[in-house]
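[1] attaching a predicted model along with its sequence, questions to come.
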Amino acid sequence: MERGTLRVYLGAAPGVGKTFSMLDEGHRRAARGTDVVVGYVETHGRARTAELLEGLEVVARRRVDYRGTAQEEMDLAAVIERRPEVVLVDELAHTNVPGSTCDKRWQDVQVLLDAGIEVITTVNIQHLESLNDVTEAITGVRQRETVPDEVVRAADQIELVDMSPQALRRRMAHGNVYAPDRVDAALSQYFREGNLTALRELALLWLADRVEEGLERYRDEHRIDASWPTRERIVVPVSAGPESATLMRRAARIVSRGSGSEWLALYVTRPDGLTAISPDQLDALRAKAEELGGTLHTVVGDDPAEAILDFARAENATQLIVGASRRGRVPTLLRPGIGERVIAGAGDIDIHIVTHDYARTGSRWRPPESLGARRRLLGFAFAVLAPVLVSLALLATGEAHSLPIEAMTLMAVVVATALIGGLVPAVVAALSSGLLLNVLFTAPVRTLTVAEPENAAAIVIFMIVGIAVASVVDTAARRTAQAAKARAEADALVVLSHSLLNAGDDLGGLLASACELFNARGASVLRRGEHDVEEVVAAHGAAPASSDAADVATAIDERTTLALDGARLPASQRGLLNAYAAYAKVMAERRRATAAEVERLRLAETDRTRTALLAAVSHDLRSPLAAVKVAVSSLRAPDIAWSAEDEAALLETIEESTDRLAALVANLLDMSRISTGSVQVALAEVSLASTVHHAIGPLERGERIEVAIDPDLLVRADAGLLDRVVANLCDNALKYTPAQARIRIDAARTNGHVVLRVADSGPGVRDRDQRRLFAPFQRLGDVPQGDGVGLGLAVARGFTEAMGGTISTEETPGGGLTFVVELRTCAKEQP
């Protein structure tokens, strides 16, 4: 069955018009031919709201007696039985009267959605669980009725019913919200203009965050990398230089001009850590960012410009603030700096170039490096030694080759140097190879003079080509490394998507995968509780105990964070980390949904059991008691002289009724022990044949039972429990077997177990009913009222499983039902 959809009307305070809007939507749907009913609407005595109820079908409420007063609640069963297309349910956070099917109305709504019914409901912002403390601080009133954020966040549509504080206070003063005797108190307390303004802003911001989450999901699903400027988000690349404070102050000023904007400071460090700033400097940057209302983020990147742009796109930034370059004009012309490359690759992200006191003061040029320090040192050594050694080898075999072969051989040395050490060592190799080619192999040799002009041109071209080839080889090597990283990220996303489709809620496995991918020492999921104290929900490895202690942290939701320790996260992997956080969020929501469903099923089963028990008590306990009462009253009647036969018959009635009552109470007590897990089992070697004979001895019509069991067959069981199992199975078989038919009990050893079969030739049980045959209070078929409450088979299954066995059913050849009980055999009995 397809799950129903949920639409929520969200308000900042009572009286803004949520219920009115919900009912108005109900009338619009009904006018289009949709089957709409009102499950529960509270008018609060408002005339206009009551008028809107007219014309809509209202499901009658269920009356519940609680502490001497009659309470009304939504009749959940009646709504499901009515099965409308749309049901209107007011006050989502409402707490139901004890004894209702569900404790909370939002749980009623989940049941309706599971039944495939669309639900339209209402809730105020102060009833959201995550905002309970905030709204208490604003209004001074703690809301006792709350609804989990996940329930509202999972809604298919959330519509804000907005009203300015002044308009709401006017509506309150006109008596359109509360009764006249409550207006003055409400206006001077909860409905103060400041309170309403704060609650309204809280509702707008919360809904804006939900809209942004939906936008991010849409962008991810459609693989949209371009920035969508739905909210101003500014990224400020910073460094250890003093100009960083100027850039952050400028970002703070820009953000302060518009509501809902935010800014993020970004520090990019290299993978080798050689240019990383000290922890004290990083802490100072973080403190400055927080002081100005921003946050500091750290990423690892081979190319700072590319890392800045990757981070900005991952965060859907709309603006970048970049400081004017310290480099002079000539170095900038020869090779563009970070700012110039950021501008070139920004696309639709706006760039602000901010000048400062250190602009154009000069800085040391550093080439882009993707290799470690050891590889670069090896490259320089190769650039110095390899051309010399190759030149000496060429001199030793000078008669076997000419200048073109010598030039190509030295060119190969340049290419090999680029592969080993990167661009700069390759440039050194090109220059030294050109010099050696001139001195050792170009006439006149052993001098820098070149006799032929074309040879001089060839040497110059050789060095230019060598440098160009080295640059191409170095770029190709870096692109290869980037492609390998992209492939690793793609593989990780494939694993994540596969896990999302097939895995359960194994947060530990997710964290282990994150540690492996990001090369982290440990990972944890942290949840912020009361007083903003973080607690570890799940952990792997050397997991950080708080967000501050983590090297990398990203938000899963408002209160939950994914934290990594020992990870150096490149900016290009920021989106992958967000994917892990999103998956962790899905896991958490799945776990909460599973827990809620288990609790709902438990409550439903408890309610069903309670109902069945009351039905049993109302008849099956009353019948034997009434029979005993009548028989005793008859025997004690002073005006009747009973014959011996009549007196014996009455005494027999008393005995039969008390036996039935005793059996009934025994089954009820046994079922209670099984349900609470308090069954005491004393396993021992038990003779199966003697136990079966002892169990069927007291049964009425027990002479119809045939027993074919080896007297020496032993099982490991509790004699008392096994006796009850056999007695209940045989009693059930006797009820359903025709009077002239017999019941057969046999047993056999198989694979270290003993299989006991109780076969009857009754009507049997349909396949669809066999799954509920052993459930409590099941009475399948035409069993006379008063002939048990349907607990015998449930008790038999509970006792069998308590002894480590199993019980099942199979069809009896020729018709009927066979109960199959499998128990462990004793060690000495095993073949």
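    Cool, the structure landed.
[2] so in the protein, where's the weakest helix or strand by average pLDDT?
    Here the helix or strand of the chain ranked lowest by mean pLDDT, DSSP states H and E is helix 329-334, holding a mean of 59.
[3] what's the first helix or strand after it?
    Using DSSP states H and E, the helix or strand that follows helix 329-334 towards the C-terminus is helix 338-345.
[4] adjacent strands (with direction) for the helix or strand following that following helix?
    Next helix or strand after helix 338-345 toward the C-terminus (DSSP H and E): strand 350-354. With DSSP bridges as the test, strand 350-354 is paired with strand 319-323 (parallel).
[5] contacts for the partner strand, please.
    232-237, 243-244, 246-247, 250-251, 254, 308, 312, 338-339, 342-343, 346, 349-356, 359 (C-beta atoms under 8 Å, 6 or more residues apart in numbering). C-betas here are computed from N, CA, C, even on glycine.
[6] now that strand and helix 338-345, what's the angle there?
    Strand 319-323 and helix 338-345 are oriented at 150 degrees to each other (axes from the mean of the first three to the mean of the last three C-alpha atoms, to 10 degrees).
[7] got the contact list for the residue nearest to Val632 when sequence neighbours are not counted?
    In this structure, Val632 finds its nearest non-sequential neighbour in Ile654, 6.7 Å apart by C-beta to C-beta, 6 or more residues apart in numbering. Ile654 makes contacts with 627-628, 631-632, as judged by C-beta under 8 Å, 6+ apart.
[8] Ala717 and Glu822 touch, don't they?
    No - the pair Ala717 / Glu822 is not scored as a contact, 11.3 Å apart, by C-beta atoms under 8 Å.
[9] what do those two both touch?
    Each of Gly805 lies in contact with both Ala717 and Glu822 under the rule C-beta under 8 Å, 6+ apart.
[10] with neighbour numbers in mind, choose between those two.
    Neighbour comparison, Ala717 and Glu822: the larger count goes to Ala717, with 30 against 18 (by other C-beta atoms under 10 Å).
[11] list phi and psi for that one.
    When quoted as degrees, to the nearest 10, the phi and psi of Ala717 stand at phi -160, psi 170.
[12] tell me the bridge partners for it.
    Ala684.
[13] run through the residues that contact Glu150.
    Residues counted as contacts of Glu150 (C-beta under 8 Å, 6+ apart) are 589, 592-593.
[14] element containing the residue nearest to Val632, please.
    Ile654 belongs to helix 644-676, assigned by DSSP H and E.
[15] before we move on, what about Ala393?
    Element membership for Ala393, per DSSP H and E: helix 373-396.
[16] remind me what that helix packs against, helices and strands.
    For helix 373-396, the elements it packs on are helix 403-421, helix 423-441, judged by 3 or more C-beta pairs under 8 Å, 6 or more residues apart in numbering; DSSP states H and E.
[17] can you select the buried ones from the contacts of Glu150 in PyMOL?
    Buried members of the contacts of Glu150, defined by 16 or more other C-beta atoms under 10 Å, are picked up in PyMOL with:
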select buried, resi 589
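[18] the closest residue to Pro698 other than its chain neighbours: how many residues sit nearby?
    Counting by C-beta to C-beta, 6+ apart, Ala727 is the residue found nearest to Pro698 once chain neighbours are left out, at 7.7 Å. Applying other C-beta under 10 Å, we find 22 residues neighbouring Ala727.
[19] just the one 5 residues further on next, same as before
    When counting by other C-beta under 10 Å, one arrives at 22 neighbours for Asn732.
[20] many thanks, have a good one.
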